[in-house]
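Enquirer: got a sequence here, can you model it:
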Amino acid sequence: MMATIKKRETALDRVAKNGATLSNCSDELKADREVVLLAVKNKGTALCWANELFKFDKEICLIAVANAGYAYSYISPKFQALREFVELAVANRGNMLEVVPDSYKNDRKIVLSAIANC
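Expert: Down below sits the predicted model:
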């Protein structure tokens, strides 16, 4: 197990290279917007280790889902209901069609995107 990262500069450097390193950061750093932003730019699913507030931050959630469709699972239900997030998720990872709201599962554009990205 890796030691907890407590220094901001160390965290910024490490998450920029490997977003999953956010899991080893202190709670304070997991609540630092710049650290989280760099982490999700590198690895969208790093959102799962971020402070809960960031699951309601539209910019961070868009970047996370665009980077890794599976990050859709970690964003707020409010964002999960929005077409722009559904489109990003299935365009990045087609099997995310299984978890999007039912109202999108019969949408031709979304279904075709999911098929193309399986």
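Enquirer: quick one: contacts for V35?
Expert: By C-beta atoms under 8 Å, 6 or more residues apart in numbering, V35 lies in contact with 8, 11-12, 15, 22, 25, 29. To be clear about C-beta, it is placed using only N, CA and C from the backbone, and glycine gets the same treatment.
Enquirer: ok, and the most crowded of these?
Expert: V15 (30 neighbours; other C-beta atoms under 10 Å).
Enquirer: and that residue, what helix or strand is that in?
Expert: For V15, the host element (DSSP states H and E) is helix 8-17.
Enquirer: can you give me the distance of the closest residue to K105 other than its chain neighbours to E87?
Expert: Take K105 and drop its neighbours on the chain: the residue closest to it by C-beta to C-beta, 6 or more residues apart in numbering is L97, 6.5 Å away. To E87, L97 is 11 Å away according to C-beta to C-beta, to the nearest Å.
Enquirer: ok, back up a step: state the pair within the contacts of V35 that is farthest apart.
Expert: Pairwise distances across those peak at 12.7 Å for R8 and L22 (criterion: C-beta to C-beta).
Enquirer: quick check: neighbours shared by these two?
Expert: Joint contacts of R8 and L22 (C-beta under 8 Å, 6+ apart) are 29, 35.
Enquirer: how much space is there between the closest residue in space to V90 that isn't next to it in sequence and N42?
Expert: Of all residues not flanking V90 in the chain, A114 sits nearest, at 4.1 Å (C-beta to C-beta, 6+ apart). Noted for A114: a distance of 25 Å to N42, by C-beta to C-beta.
Enquirer: more neighbours, the two?
Expert: Ranked by neighbour count (other C-beta under 10 Å), A114 and N42 place A114 first, with 25 against 19.
Enquirer: elements contacting the helix or strand containing that one?
Expert: Assessed by DSSP H and E, A114 sits inside helix 108-116. Using 3 or more C-beta pairs under 8 Å, 6 or more residues apart in numbering; DSSP states H and E, the elements in contact with helix 108-116 are helix 83-92.
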